[in-house]
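Visitor: What follows is a predicted protein model with its sequence.
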Amino acid sequence: MNILDQIVTDKRQEIALKKALIPVSQLEQSVLFERNTTSLSKRLKNSHSGIIAEHKRRSPSKSVINQSLNVQAVAKGYENAGVCGMSVLTDGKYFGGSLDDLTLVRASCNLPLLRKEFIIDEYQILEAKAYGADAILLIAAILTRDEIKQFSEIAKQLSLEVLLEIHNEEELNKSIMPSLDMLGVNNRNLKTFEVNLETSKTLSAQIPNDFVKVSESGISSVKAIKTLKPFGYKGFLIGENFMKTDNPGNSAVQFIKQLER
Ligand SMILES: O=C(O)c1ccccc1NCC(=O)[C@H](O)[C@H](O)COP(=O)(O)O
(Lines give C-alpha, C1' and ligand atoms only; values in the text may rest on other atoms or scores of the structure.)
Protein backbone atom coordinates (compact mmCIF):
# COMPACT_ATOMS: atom_id res chain seq x y z
CA MET A 1 0.00 0.00 0.00
CA ASN A 2 1.45 3.43 -0.87
CA ILE A 3 1.69 6.22 1.69
CA LEU A 4 -1.39 8.10 0.44
CA ASP A 5 -3.51 4.95 0.64
CA GLN A 6 -2.27 4.34 4.19
CA ILE A 7 -3.01 7.91 5.22
CA VAL A 8 -6.48 7.79 3.68
CA THR A 9 -7.31 4.49 5.38
CA ASP A 10 -6.38 5.98 8.76
CA LYS A 11 -8.17 9.22 7.94
CA ARG A 12 -11.47 7.40 7.36
CA GLN A 13 -11.34 5.96 10.87
CA GLU A 14 -10.28 9.27 12.38
CA ILE A 15 -13.17 11.13 10.72
CA ALA A 16 -15.74 8.56 11.86
CA LEU A 17 -14.56 9.02 15.46
CA LYS A 18 -14.54 12.80 15.21
CA LYS A 19 -18.03 12.93 13.75
CA ALA A 20 -19.26 10.95 16.75
CA LEU A 21 -17.51 13.33 19.17
CA ILE A 22 -18.12 16.72 17.56
CA PRO A 23 -21.31 17.03 15.50
CA VAL A 24 -21.49 19.42 12.54
CA SER A 25 -23.85 21.68 14.52
CA GLN A 26 -21.05 22.23 17.05
CA LEU A 27 -18.52 23.08 14.34
CA GLU A 28 -20.97 25.63 12.92
CA GLN A 29 -21.26 27.29 16.32
CA SER A 30 -17.54 28.01 16.50
CA VAL A 31 -16.78 31.73 16.84
CA LEU A 32 -14.42 31.37 13.89
CA PHE A 33 -17.10 29.92 11.62
CA GLU A 34 -18.64 33.28 10.69
CA ARG A 35 -15.37 35.16 10.27
CA ASN A 36 -14.44 36.84 7.00
CA THR A 37 -11.65 34.98 5.28
CA THR A 38 -8.57 36.41 3.55
CA SER A 39 -7.69 35.48 -0.02
CA LEU A 40 -4.42 33.59 -0.33
CA SER A 41 -4.60 33.59 -4.14
CA LYS A 42 -4.84 37.40 -4.30
CA ARG A 43 -1.82 37.75 -2.02
CA LEU A 44 0.14 35.39 -4.23
CA LYS A 45 -0.84 37.26 -7.40
CA ASN A 46 0.33 40.56 -5.95
CA SER A 47 3.48 39.36 -4.24
CA HIS A 48 7.08 39.27 -5.37
CA SER A 49 8.18 36.37 -3.16
CA GLY A 50 5.01 34.23 -3.33
CA ILE A 51 6.05 32.18 -0.33
CA ILE A 52 3.59 30.01 1.55
CA ALA A 53 5.56 28.92 4.62
CA GLU A 54 4.58 25.68 6.29
CA HIS A 55 4.45 24.47 9.86
CA LYS A 56 5.60 20.84 9.68
CA ARG A 57 6.94 18.89 12.68
CA ARG A 58 7.58 15.61 10.93
CA SER A 59 6.74 13.82 7.70
CA PRO A 60 6.68 10.35 6.21
CA SER A 61 9.67 11.23 4.01
CA LYS A 62 11.89 12.87 6.63
CA SER A 63 10.62 11.50 9.95
CA VAL A 64 11.30 14.21 12.57
CA ILE A 65 11.96 17.71 11.22
CA ASN A 66 11.49 19.87 14.31
CA GLN A 67 9.31 19.07 17.30
CA SER A 68 10.64 21.68 19.70
CA LEU A 69 9.12 24.89 18.35
CA ASN A 70 6.14 26.87 19.56
CA VAL A 71 3.62 26.99 16.72
CA GLN A 72 2.55 30.56 17.54
CA ALA A 73 6.16 31.76 17.56
CA VAL A 74 6.64 30.10 14.16
CA ALA A 75 3.50 31.85 12.82
CA LYS A 76 4.59 35.27 14.11
CA GLY A 77 8.06 34.73 12.68
CA TYR A 78 6.64 33.89 9.26
CA GLU A 79 4.29 36.88 9.34
CA ASN A 80 7.10 39.26 10.31
CA ALA A 81 9.23 37.81 7.52
CA GLY A 82 6.59 38.92 5.01
CA VAL A 83 5.46 35.56 3.62
CA CYS A 84 2.16 35.55 1.68
CA GLY A 85 0.48 32.82 3.63
CA MET A 86 1.01 29.94 6.01
CA SER A 87 0.27 26.27 5.59
CA VAL A 88 -0.62 24.44 8.78
CA LEU A 89 -0.42 20.65 8.71
CA THR A 90 -3.26 19.32 10.83
CA ASP A 91 -2.67 15.58 10.41
CA GLY A 92 -1.51 14.10 13.70
CA LYS A 93 -0.33 10.58 12.94
CA TYR A 94 2.05 11.28 10.04
CA PHE A 95 2.92 14.96 10.48
CA GLY A 96 2.51 15.65 14.22
CA GLY A 97 0.00 18.43 13.58
CA SER A 98 -3.49 19.17 14.89
CA LEU A 99 -6.50 21.41 14.51
CA ASP A 100 -5.40 23.09 17.73
CA ASP A 101 -2.26 24.20 15.86
CA LEU A 102 -4.54 25.86 13.31
CA THR A 103 -6.52 27.72 15.96
CA LEU A 104 -3.36 28.80 17.78
CA VAL A 105 -1.91 30.12 14.53
CA ARG A 106 -5.19 31.88 13.71
CA ALA A 107 -5.01 33.64 17.07
CA SER A 108 -1.45 34.82 16.57
CA CYS A 109 -1.25 36.18 13.02
CA ASN A 110 -3.29 37.67 10.18
CA LEU A 111 -1.78 35.62 7.39
CA PRO A 112 -4.11 33.69 5.07
CA LEU A 113 -4.01 30.13 6.42
CA LEU A 114 -4.11 26.93 4.39
CA ARG A 115 -5.38 23.87 6.20
CA LYS A 116 -2.93 21.21 4.97
CA GLU A 117 -4.86 18.01 5.34
CA PHE A 118 -5.89 14.87 3.48
CA ILE A 119 -9.48 15.91 2.81
CA ILE A 120 -11.79 13.07 1.89
CA ASP A 121 -15.00 14.17 3.62
CA GLU A 122 -17.10 17.34 3.68
CA TYR A 123 -16.83 17.31 7.49
CA GLN A 124 -13.13 18.25 7.26
CA ILE A 125 -14.01 21.37 5.23
CA LEU A 126 -16.40 22.50 7.96
CA GLU A 127 -13.61 21.83 10.48
CA ALA A 128 -11.23 23.96 8.42
CA LYS A 129 -13.61 26.92 8.67
CA ALA A 130 -14.41 26.31 12.33
CA TYR A 131 -10.74 26.18 13.34
CA GLY A 132 -9.64 29.28 11.42
CA ALA A 133 -8.50 28.40 7.89
CA ASP A 134 -8.84 30.63 4.83
CA ALA A 135 -8.10 27.93 2.29
CA ILE A 136 -8.09 24.16 1.98
CA LEU A 137 -5.95 21.69 0.09
CA LEU A 138 -7.60 19.09 -2.13
CA ILE A 139 -5.37 16.31 -3.42
CA ALA A 140 -6.36 15.00 -6.86
CA ALA A 141 -4.61 11.66 -6.24
CA ILE A 142 -7.10 10.70 -3.51
CA LEU A 143 -10.32 12.18 -4.93
CA THR A 144 -12.62 11.55 -7.88
CA ARG A 145 -13.61 14.41 -10.16
CA ASP A 146 -17.08 14.42 -8.59
CA GLU A 147 -15.57 14.71 -5.10
CA ILE A 148 -13.27 17.55 -6.20
CA LYS A 149 -16.32 19.36 -7.60
CA GLN A 150 -18.46 18.72 -4.52
CA PHE A 151 -15.74 19.67 -2.01
CA SER A 152 -14.57 22.76 -3.87
CA GLU A 153 -18.14 24.02 -4.18
CA ILE A 154 -18.71 23.49 -0.45
CA ALA A 155 -15.47 25.39 0.24
CA LYS A 156 -16.70 28.27 -1.96
CA GLN A 157 -19.99 28.42 -0.03
CA LEU A 158 -17.92 28.79 3.16
CA SER A 159 -15.68 31.48 1.57
CA LEU A 160 -12.68 29.18 1.68
CA GLU A 161 -10.29 29.12 -1.26
CA VAL A 162 -9.13 25.84 -2.77
CA LEU A 163 -5.62 24.77 -3.66
CA LEU A 164 -5.87 21.65 -5.81
CA GLU A 165 -2.74 19.52 -5.76
CA ILE A 166 -1.62 17.41 -8.70
CA HIS A 167 1.39 15.20 -9.44
CA ASN A 168 0.88 14.47 -13.12
CA GLU A 169 -1.04 15.27 -16.30
CA GLU A 170 -3.78 12.72 -15.67
CA GLU A 171 -4.60 14.28 -12.29
CA LEU A 172 -4.57 17.73 -13.88
CA ASN A 173 -6.94 16.75 -16.69
CA LYS A 174 -9.49 15.17 -14.37
CA SER A 175 -9.46 18.15 -11.98
CA ILE A 176 -9.77 21.35 -13.97
CA MET A 177 -12.96 23.20 -12.96
CA PRO A 178 -13.95 26.79 -12.17
CA SER A 179 -14.46 26.23 -8.44
CA LEU A 180 -10.68 25.94 -7.88
CA ASP A 181 -8.54 28.97 -7.09
CA MET A 182 -4.98 27.69 -7.13
CA LEU A 183 -3.34 24.70 -8.80
CA GLY A 184 -0.41 23.21 -6.95
CA VAL A 185 2.13 20.92 -8.56
CA ASN A 186 3.72 18.67 -5.96
CA ASN A 187 7.36 17.98 -6.80
CA ARG A 188 7.49 15.05 -4.37
CA ASN A 189 6.92 11.61 -5.83
CA LEU A 190 4.85 10.02 -3.09
CA LYS A 191 5.96 6.52 -4.04
CA THR A 192 9.71 7.16 -3.82
CA PHE A 193 9.67 10.48 -1.86
CA GLU A 194 12.15 11.89 -4.37
CA VAL A 195 11.67 15.56 -5.15
CA ASN A 196 12.20 16.89 -8.65
CA LEU A 197 11.42 20.47 -9.69
CA GLU A 198 11.15 19.26 -13.28
CA THR A 199 7.61 18.11 -12.38
CA SER A 200 6.56 21.75 -11.91
CA LYS A 201 8.34 22.81 -15.07
CA THR A 202 6.83 20.05 -17.20
CA LEU A 203 3.23 20.53 -16.05
CA SER A 204 3.17 24.34 -16.03
CA ALA A 205 2.27 24.81 -19.71
CA GLN A 206 -0.82 22.64 -19.30
CA ILE A 207 -2.26 24.59 -16.37
CA PRO A 208 -4.76 27.18 -17.65
CA ASN A 209 -3.83 30.76 -16.77
CA ASP A 210 -7.08 31.31 -14.84
CA PHE A 211 -5.49 29.50 -11.88
CA VAL A 212 -2.74 30.78 -9.66
CA LYS A 213 0.09 28.27 -10.06
CA VAL A 214 1.85 27.01 -6.96
CA SER A 215 4.93 24.81 -6.84
CA GLU A 216 5.03 22.56 -3.78
CA SER A 217 7.71 20.53 -1.98
CA GLY A 218 11.47 20.25 -2.22
CA ILE A 219 12.07 23.99 -2.60
CA SER A 220 15.23 24.70 -0.66
CA SER A 221 16.88 27.58 -2.49
CA VAL A 222 16.20 30.99 -3.91
CA LYS A 223 17.64 29.67 -7.16
CA ALA A 224 14.78 27.14 -7.36
CA ILE A 225 12.21 29.94 -7.14
CA LYS A 226 14.02 32.03 -9.73
CA THR A 227 14.02 29.01 -12.03
CA LEU A 228 10.30 28.34 -11.54
CA LYS A 229 8.99 31.90 -11.92
CA PRO A 230 9.44 32.03 -15.72
CA PHE A 231 7.17 28.95 -15.88
CA GLY A 232 4.34 31.07 -14.47
CA TYR A 233 4.49 30.04 -10.81
CA LYS A 234 3.27 32.70 -8.37
CA GLY A 235 3.28 30.57 -5.22
CA PHE A 236 5.97 28.45 -3.59
CA LEU A 237 5.11 26.15 -0.70
CA ILE A 238 8.10 25.64 1.57
CA GLY A 239 8.09 23.44 4.66
CA GLU A 240 11.21 21.56 5.66
CA ASN A 241 13.71 24.17 4.47
CA PHE A 242 12.41 26.63 7.12
CA MET A 243 11.22 24.16 9.75
CA LYS A 244 14.53 22.31 10.06
CA THR A 245 16.13 25.45 11.51
CA ASP A 246 15.90 26.77 15.10
CA ASN A 247 14.13 29.88 13.89
CA PRO A 248 11.94 29.33 10.80
CA GLY A 249 10.82 32.98 10.76
CA ASN A 250 14.40 34.15 10.64
CA SER A 251 15.20 31.66 7.88
CA ALA A 252 12.26 33.05 5.91
CA VAL A 253 13.59 36.60 6.42
CA GLN A 254 17.00 35.63 5.02
CA PHE A 255 15.38 33.70 2.16
CA ILE A 256 13.14 36.63 1.12
CA LYS A 257 16.05 39.08 1.37
CA GLN A 258 18.06 36.95 -1.03
CA LEU A 259 15.06 36.62 -3.35
CA GLU A 260 14.66 40.38 -3.52
CA ARG A 261 18.31 41.01 -4.39
O1 LIG B 1 6.38 15.61 3.13
C2 LIG B 1 6.13 14.40 2.99
O3 LIG B 1 6.93 13.49 3.28
C4 LIG B 1 4.79 13.96 2.49
C5 LIG B 1 4.53 12.59 2.36
C6 LIG B 1 3.28 12.16 1.96
C7 LIG B 1 2.28 13.06 1.66
C8 LIG B 1 2.53 14.42 1.78
C9 LIG B 1 3.76 14.86 2.19
N10 LIG B 1 4.02 16.21 2.38
C11 LIG B 1 3.02 17.22 2.34
C12 LIG B 1 3.46 18.37 1.55
O13 LIG B 1 2.83 18.65 0.57
C14 LIG B 1 4.68 19.14 1.98
O15 LIG B 1 4.69 19.23 3.36
C16 LIG B 1 4.78 20.55 1.41
O17 LIG B 1 4.64 20.58 0.04
C18 LIG B 1 6.15 21.16 1.80
O19 LIG B 1 7.18 20.33 1.33
P20 LIG B 1 8.70 20.53 1.79
O21 LIG B 1 9.06 21.97 1.51
O22 LIG B 1 9.48 19.59 0.95
O23 LIG B 1 8.76 20.22 3.24
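Guide: Thanks, I have it.

Visitor: Share the number of residues neighbouring the residue of the stretch 101-250 of the chain found nearest the ligand, please.
Guide: At 2.8 Å from the ligand, G239 is the closest residue in the stretch 101-250 of the chain, using Cβ to the nearest ligand atom. For the C-beta atoms, the positions are set from N, CA and C on the backbone; glycine is no exception. If you count neighbours by other Cβ atoms under 10 Å, G239 ends up with 24.

Visitor: so it makes contact with R57?
Guide: No: G239 is beyond contact range of R57, at 10.0 Å (criterion: Cβ atoms under 8 Å).

Visitor: Mind listing the shared neighbours of the two?
Guide: Residues touching both G239 and R57 (Cβ atoms under 8 Å, 6 or more residues apart in numbering) are I65, L89.

Visitor: Within range of the ligand, give me the residues from the stretch 1-150 of the chain.
Guide: Applying Cβ under 6 Å from any ligand atom, one finds that the stretch 1-150 of the chain approaches the ligand through I3, E54, K56, S59, P60, S61.

Visitor: model confidence over the helix or strand containing N173, on average?
Guide: In this assignment (DSSP states H and E), N173 forms part of helix 169-175. Averaged across helix 169-175, the pLDDT comes to 97.

Visitor: List the buried residues in it.
Guide: Using 16 or more other Cβ atoms under 10 Å as the burial criterion, the residues of helix 169-175 that qualify are E171, L172, S175.

Visitor: same check, this time on stretch 18-37
Guide: By neighbour count on 16+ other Cβ under 10 Å, the buried set for stretch 18-37 is K18, I22, L27, S30, L32, T37.

Visitor: Kindly report the same for stretch 104-122.
Guide: Residues of stretch 104-122 classed as buried by neighbour count (16+ other Cβ under 10 Å): 104-106, 108-109, 111-121.

Visitor: give the contact list for R145.
Guide: Applying Cβ under 8 Å, 6+ apart to R145 gives the contacts K174, S175, M177.

Visitor: circling back to that earlier point, ok, is the helix holding N173 in contact with the ligand or not?
Guide: No: with Cβ under 6 Å from any ligand atom as the threshold, helix 169-175 lies outside contact range of the ligand, at a closest distance of 14.0 Å.

Visitor: what's the distance between the spatially closest residue to S108 that is not a sequence neighbour and the ligand?
Guide: Of all residues beyond its chain neighbours, the one nearest S108 is Q72 (4.1 Å), with distances taken as Cβ to Cβ, 6 or more residues apart in numbering. With distances taken as Cβ to the nearest ligand atom, to the nearest Å, Q72 is found 20 Å from the ligand.
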